[in-house]
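K.L.:
no sequence for this one, just the structure:
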């Protein structure tokens with residue numbers, strides 16, 4: 001079994017230059033969070049949709065060497081009928097947004113994330129129908145109980161399974177709680193936020209003694225009141241069992257390799273939190289061959305567990321705004337897994353560093369290596385170095401400018 005040396009074991013010498021993938025290898029590429037927030041919705045309307053070309057057309061050649069591209073679609077695509085994003089953290093995109101993703105090379109999008117119910121169950125259903133109409137594959141959610149809770153793609157004789165689960169659905173904000181006959185809709189790792197009636201009532205209580213009740217609860221750490229709602233752990237053994245069963249079911253349907261795209265963690269933390277580590281490692285324990293996680297909105301380290309790689313967060317792939325962390329806030333990474341079709345296993349890890357903000361107030365996805373090469377500056381080189389440092393969990397260093405970085 002191959003062991004990936006990660007965390008502090010990675011040093012500058014572990015990065016090697018390679019301009020093209022090893023001959024015959026299957027290349028899978030994964031991106032971070034793809035969002036359609038309110039400010040971008042306004043720009044979309046003002047430009048009659050043409051801003052999509054500015055934001056994404058630089059990607060057309062970027063994915064040409066990838067055999068399969070997966071993105072975390074962290075927005076419903078319920079169309080203009082359900083109103084485009086108009087609140088800061090409640091999203092909805094037009095169908096044109098998904099069409100553009102398909103045009104630039106995305107083959108599969110994951111839908112199980114905390115924004116999946118931003119337009120309710122009807123919005124989720126509309127999203128899935130719209131994606132089916134444009135022939136863009138998705139996983140993590142289901143229209144029917146008869147649909148598979150995973151996606152399998154055959155590439156060069158290797159059957160690769162993709163599963164996608166989320167820690168929650170922002171139910172404490174959107175108030176869309178799944179009924180018993182709707183539970184199959186979304187692959188959940190735990191119960192929805194404040195699904196416990198008593199906890200929800202205490203959280204929502206605004207009466208004259210609210211300050212006292214909540215103050216005592218926080219001090220005594222009752223119901224995890226000392227934490228933000230979205231950071232509370234709602235452990236549910238039934239749903240963790242469903243994760244295990246889904247991986248096993250995916251294997252039984254012929255998957256040689258299973259990649260888990262998990263939506264876990266808190267937000268804007270430099271390092272993965274304990275519960276995110278628990279969920280990622282539990283996913284490996286249950287039989288996954290790799291974990292590609294997202295949700296933190298910043299680049300986090302690559303780790304190894306039982307010889308299997310874990311990318312804890314790739315950062316924001318597309319968002320109209322900066323992240324809250326300094327350093328790599330303008331960058332994201334694309335994770336690349338290289339599979340040996342003969343051995344049917346992951347043989348190598350790589351990543352690209354991309355720019356996600358053009359500096360003038362517009363989101364753009366562009367190769368960071370090209371930016372540094374075409375217009376070298378201390379700022380752009382520092383951003384590149386910081387992004388690499390976040391992936392390797394190493395001391396800040398001056399790394400070479402490469403299109404892709406490989407870890408050995």
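P.N.:
Noted; the coordinates are in hand. All of these numbers come straight from a predicted model, not from anything done at the bench.
K.L.:
which element is the closest residue in space to residue 66 that isn't next to it in sequence on?
P.N.:
Sequence neighbours aside, residue 29 is the residue nearest to residue 66 in space, at 4.1 Å (criterion: CB to CB, 6 or more residues apart in numbering). Where C-beta positions appear, they are placed from N, C-alpha and C, glycine not excepted. Applying DSSP states H and E as the criterion places residue 29 in strand 26-34.
K.L.:
Mind listing what's buried along that strand?
P.N.:
For strand 26-34, the neighbour count (16 or more other CB atoms under 10 Å) marks 26, 27, 28, 29, 30, 31, 32, 33, 34 as buried.
K.L.:
Tell me which residues touch the residue nearest the centre of the chain, please.
P.N.:
In the chain, the residue lying closest to the centroid (CA atoms, centre = their mean) is residue 294, at 3.3 Å. If a contact means CB atoms under 8 Å, 6 or more residues apart in numbering, then residue 294 has 32, 33, 72, 74, 113, 261, 262, 263, 313, 314 as its contacts.
K.L.:
Of those, just say which sits nearest to residue 393.
P.N.:
Taking CB to CB as the measure, residue 393 lies nearest residue 313 of these, at 12.2 Å.
K.L.:
okay but the closest one is in contact with residue 265, surely?
P.N.:
Yes. Applying CB atoms under 8 Å, one finds residue 313 in contact with residue 265, separated by 6.5 Å.
K.L.:
on that earlier part again, compile the buried residues of strand 26-34 into JSON lines and extend it with columns for pLDDT and distance to residue 337.
P.N.:
As requested, the buried residues of strand 26-34 are arranged in JSON lines below (pLDDT from 0 to 100; distance: CB to CB, whole Å):
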{"residue": "26", "pLDDT": "97", "distance to residue 337": "8"}
{"residue": "27", "pLDDT": "96", "distance to residue 337": "8"}
{"residue": "28", "pLDDT": "98", "distance to residue 337": "5"}
{"residue": "29", "pLDDT": "97", "distance to residue 337": "8"}
{"residue": "30", "pLDDT": "98", "distance to residue 337": "8"}
{"residue": "31", "pLDDT": "96", "distance to residue 337": "13"}
{"residue": "32", "pLDDT": "94", "distance to residue 337": "15"}
{"residue": "33", "pLDDT": "94", "distance to residue 337": "19"}
{"residue": "34", "pLDDT": "95", "distance to residue 337": "19"}
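K.L.:
what's the most distant pair in those?
P.N.:
The most distant members of these, if one measures by CB to CB, are 26 and 33, lying 24.6 Å apart.
K.L.:
returning to what we had before: does the residue nearest to residue 66 touch residue 63 like I think?
P.N.:
Yes. Contact criterion CB under 8 Å: residue 29 and residue 63 qualify, at 6.3 Å.
K.L.:
Are there residues contacting both of those two? Which ones?
P.N.:
residue 69.
K.L.:
what's the next secondary structure element after the helix or strand hosting residue 259?
P.N.:
Taking DSSP H and E as the criterion, residue 259 maps to strand 257-263. Counting by DSSP H and E, the next helix or strand C-terminal to strand 257-263 is helix 274-285.
K.L.:
which parts of that following helix are buried?
P.N.:
Those would be 275, 276, 277, 279, 280, 281, 282, 283, 284, for helix 274-285 by 16+ other CB under 10 Å.
K.L.:
Now do the contacts for the fourth one.
P.N.:
Taking CB under 8 Å, 6+ apart, we find residue 279 in contact with 167, 189, 262, 264.
K.L.:
Among the residues you listed, which one is most surrounded by other residues?
P.N.:
Greatest neighbour count in those, by other CB atoms under 10 Å, goes to residue 262: 32 neighbours.
K.L.:
now that one: how far from residue 270?
P.N.:
19 Å (CB to CB, to the nearest Å).
K.L.:
quick one on the thing from earlier: find residues that contact each of residue 313 and residue 265.
P.N.:
With CB under 8 Å, 6+ apart as the test, residue 313 and residue 265 both reach 272, 293, 295, 296, 300.
K.L.:
Distance of the fourth one relative to residue 375?
P.N.:
Counting by CB to CB, the gap from residue 296 to residue 375 is 29 Å.
K.L.:
who's more crowded, these two?
P.N.:
residue 296 (27 against 8).
K.L.:
remind me which residues of the chain are low pLDDT?
P.N.:
Along the chain, the parts satisfying pLDDT under 70 run over 1-22, 193-207, 209-237, 321-329, 359-361, 408.
K.L.:
mind running it again at 80?
P.N.:
1-23, 58, 60-61, 193-237, 266-270, 321-330, 357-363, 376-378, 408 (pLDDT under 80).
K.L.:
all helices for it, in order.
P.N.:
38-46, 51-56, 95-103, 120-133, 171-174, 197-204, 210-219, 237-252, 274-285, 368-374, 378-392 (DSSP state H).
K.L.:
got JSON lines for the ones you listed, with distance to residue 68 too?
P.N.:
Converted to JSON lines, the helices of the chain look like this (distance: least, CB to CB, whole Å):
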{"stretch": "helix 38-46", "distance to residue 68": "27"}
{"stretch": "helix 51-56", "distance to residue 68": "18"}
{"stretch": "helix 95-103", "distance to residue 68": "13"}
{"stretch": "helix 120-133", "distance to residue 68": "16"}
{"stretch": "helix 171-174", "distance to residue 68": "32"}
{"stretch": "helix 197-204", "distance to residue 68": "41"}
{"stretch": "helix 210-219", "distance to residue 68": "46"}
{"stretch": "helix 237-252", "distance to residue 68": "16"}
{"stretch": "helix 274-285", "distance to residue 68": "20"}
{"stretch": "helix 368-374", "distance to residue 68": "22"}
{"stretch": "helix 378-392", "distance to residue 68": "21"}
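K.L.:
who wins for proximity to residue 407 among those?
P.N.:
helix 378-392 (8.0 Å).
K.L.:
buried sites along the closest one?
P.N.:
380, 381, 383, 384, 385, 386, 387, 388, 389, 390, 391, 392.
K.L.:
That concludes my questions; thank you for your assistance.
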